[in-house]
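1. got a sequence here, can you model it:
(2 chains)
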Protein chains: 2
Amino acid sequence: MKTALLLIDIQQAFDDASWGKRNNLEAEENAGRLLEFWRKTNQPIIHVRHHSSDKNSLLHASNDGSDFKSIVEPIEDELVVTKSVNSAFIGTNLEGYLRKENIKTLVICGLTTPHCVSTTTRMAANLGFKVLLVEDAIAAFEVNSQTLWLAEPDKKLSDPEFIHQMALAQLSEEFATIVTCDEMMDMDLVLNAR
Amino acid sequence: MKTALLLIDIQQAFDDASWGKRNNLEAEENAGRLLEFWRKTNQPIIHVRHHSSDKNSLLHASNDGSDFKSIVEPIEDELVVTKSVNSAFIGTNLEGYLRKENIKTLVICGLTTPHCVSTTTRMAANLGFKVLLVEDAIAAFEVNSQTLWLAEPDKKLSDPEFIHQMALAQLSEEFATIVTCDEMMDMDLVLNAR
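-> Prediction:
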């Protein structure tokens, strides 16, 4: 049994100002720390990237923004999984790879908490994988009040930190164990999770 | 192209007091209205039920609580899909059935908003189906403050109506169009969605 690190959509396009305010500005740095640790301990690493089918998207493959951020750039023969929807399990070989490699536990980090991270976490758990979600290596963007479904005049509801926390509250226990980057760097914990 | 009604986990076990407070007490009645309308208009109907693999669960098949509530009981040859995780697409023939029948749009109702309804909605959207989520035919339970991941001392966060609304806010636009039961009963809207 192995524990894989799954890095979701840590791509340059998410630096674009159009996304608005974000929480956890240190998420990429923490994901980079996890990546370095996984490399040192020779555990499986899976880089997931989003390539939108929309040519006008910042995440279309023709756009430089679809490149990985340098802090988490894949090296050598590390696996890269390319997806076009929120879940990293749909339209990809991810599940087959995990089964073949007998990987039972996933440590998930990346962007963004309510969308691709949440959807991939829910599906991973439902497929029978144990998920450790690294709360300080994932992040959410604000929701524009015009597009926010809730009519309630409460600024807090569009705040990225609040959106992040509410997504974690929905995932915790039912789908994932919420951990911190420091906890994951503790070798004993990682080994026990194997 | 057809529009299917997907009724998720409207089972007797959810009447058990152990779930705590719930919002949208009229959800089953509204789901029953939708079901009657789908029968009258001869559109596809899919009943989803949860059978837990845990023998101690209220939703284990050996428990009467796993039966459908009478208001949405399947009749004749209506399809029943049995699942054991949150997503109705995992471990079932649901996707294959929808492809075979050329069904492109799903109208989703049932229990519970943040768990099985949200996970099935996210996965349906990612598989390419258009989802209409009926906000007054789905419902959420309170979260016990002891198990709530958020430490914030804010009673609102464990309130079922608030949990329901925050789940909808995450699903709206990215994964589903939020509609009301009355809107869905408007024949023109249903026909246009086909």
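2. skip the chain neighbours and tell me the closest residue to the residue positioned nearest the centre of chain A.
-> Centroid-nearest residue in chain A, with Cα atoms, centre = their mean: A:G110, separated by 2.9 Å. Spatially, and ignoring its direct neighbours in sequence, A:G110 is nearest to A:I8 (3.0 Å; Cβ to Cβ, 6 or more residues apart in numbering or on different chains). Heads up, the C-betas are built off the backbone N, CA and C, glycines and all.
3. distance of that neighbour relative to A:T105?
-> 16 Å (Cβ to Cβ, to the nearest Å).
4. more neighbours, those two?
-> Set side by side, A:I8 and A:T105 show more neighbours around A:I8, with 27 against 18, by other Cβ atoms under 10 Å in any protein chain shown.
5. thought that one was touching A:A88?
-> Yes. Using Cβ atoms under 8 Å, A:I8 is in contact with A:A88, at 6.3 Å.
6. beta partners of A:V81?
-> Beta-bridge pairing for A:V81 (DSSP bridges): A:V48.
7. for B:H115, see how far away A:S66 is.
-> Relative to B:H115, and taking Cβ to Cβ, A:S66 is found at 33 Å.
8. before we move on, the earlier item: the helix or strand containing the residue nearest to the centre of chain A: what's the following helix or strand?
-> In this assignment (DSSP states H and E), A:G110 forms part of strand A:103-111. Downstream of strand A:103-111, the first helix or strand assigned by DSSP H and E is helix A:118-126.
9. other SSEs contacting that next one?
-> strand A:103-111, strand A:130-139, helix A:160-171, helix B:118-126 (3 or more Cβ pairs under 8 Å, 6 or more residues apart in numbering or on different chains; DSSP states H and E).
10. next, format these as a markdown table and append mean pLDDT and distance to A:A17.
-> Output for the helices and strands packed on helix A:118-126, formatted as a markdown table (pLDDT from 0 to 100; distance: least, Cβ to Cβ, whole Å):
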| stretch | mean pLDDT | distance to A:A17 |
| --- | --- | --- |
| strand A:103-111 | 97 | 15 |
| strand A:130-139 | 97 | 15 |
| helix A:160-171 | 89 | 14 |
| helix B:118-126 | 98 | 27 |
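11. where does chain A come near chain B, residue by residue?
-> A:85-87, A:90, A:114-115, A:118-119, A:122-123, A:125-127, A:143, A:147-150, A:152, A:157, A:163, A:165-170, A:172-175, A:178 (Cβ under 8 Å from any Cβ of the partner chain).
12. for PyMOL, what selects the buried ones among these?
-> Of these, the buried ones can be selected in PyMOL as follows, counting by 16 or more other Cβ atoms under 10 Å in any protein chain shown:
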select buried, chain A and resi 85+86+87+90+114+115+118+119+122+123+125+126+127+143+148+149+150+157+163+165+166+167+168+169+170+172+175+178
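13. can you classify A:A31 by secondary structure?
-> Three-state call for A:A31 (DSSP: H, G, I helix; E, B strand; the rest coil): helix.
14. sheet partners, orientation included, of the strand holding A:G110?
-> Sheet partners assigned to strand A:103-111 using DSSP bridges are listed as strand A:2-8 (parallel), strand A:130-139 (parallel).
15. per-residue pLDDT of the residue nearest to A:G110, please?
-> On the pLDDT scale, A:I8 is placed at 98.
16. and it, how far is that from chain B?
-> Note on A:I8: its distance to chain B, by Cβ to the nearest Cβ, to the nearest Å, is 14 Å.
17. what does A:K55 give?
-> A:K55 sits 18 Å away from chain B, going by Cβ to the nearest Cβ.
18. that residue - nearest residue in space that isn't next to it in sequence?
-> With sequence-adjacent residues excluded and distances taken as Cβ to Cβ, 6+ apart, A:K55 is closest to A:S62, at 7.1 Å.
19. is it true that that neighbour touches A:D54?
-> No. Between A:S62 and A:D54 there is no contact under Cβ under 8 Å: 10.9 Å.
20. wait, isn't A:E78 in contact with A:V48?
-> No. With contact defined as Cβ under 8 Å, A:E78 does not count as touching A:V48 (11.5 Å).
21. more crowded one of the two?
-> Each of A:E78 and A:V48 has its neighbours counted (other Cβ under 10 Å); A:V48 has more, 25 against 16.
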